[in-house]
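Novice: Provide a 3D model corresponding to the input given below.
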Amino acid sequence: MPDRSDRRYNPAMEGEVAMRISFDLDDTLVCYREDVPQEPRLGWFLRLFMHDEPLRQGTPELIHQLRQRGWEIWVTPPPTAVPPPCAAGSVGTESASTG
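Specialist: Model prediction:
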């Protein structure tokens, strides 16, 4: 049984260790597709001060329910841009000239 000082301890779970669940931002929580139901957007005035992303409908309720069960919620940001791979033979290889 986890110690009560452990941040994963949840007395409602009677000795069980909390589960951790991770969500991706792109196309999971935040979705720009027109055919996916979305939570209501912020009003125009708040959008002047905050960036408003189209949140998939039901996300706030789901996260609230999972937290009530004692689960840890992690949100994974989108990957950073990766430079394109180099063309074959352009980096790190030198052609030997024979002559």
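
Novice: residue boundaries of the helices in this protein?
Specialist: 44-47, 59-68 (DSSP state H).

Novice: out of those helices, deepest packed?
Specialist: Highest mean neighbour count of those: helix 59-68, a mean of 12 (counted as mean count of other C-beta atoms under 10 Å). Backbone N, C-alpha and C define where each C-beta goes, glycine included.

Novice: who's in contact with that helix?
Specialist: 21, 29, 39, 73 (C-beta atoms under 8 Å, 6 or more residues apart in numbering).

Novice: dump the worst-scoring helix or strand of the chain on mean pLDDT to CSV, restricted to CA.
Specialist: Every helix and strand of the chain was ranked by mean pLDDT, DSSP states H and E. The lowest is helix 44-47, at a mean of 86. Coordinates of each C-alpha in helix 44-47 appear next as CSV, following Å, rounded to 0.1, in the frame of the first residue of the first chain:
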residue,chain,number,x,y,z
TRP,A,44,-14.2,37.3,-29.2
PHE,A,45,-13.0,39.5,-26.3
LEU,A,46,-11.2,36.6,-24.5
ARG,A,47,-9.5,35.6,-27.8
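
Novice: could you point out which residue ranges in this structure have low pLDDT?
Specialist: Along the chain, the parts satisfying pLDDT under 70 run over 1-17, 81-99.

Novice: if we use 50, what do you get?
Specialist: Within the chain, the segments meeting pLDDT under 50 span 1-2, 90, 92-97.
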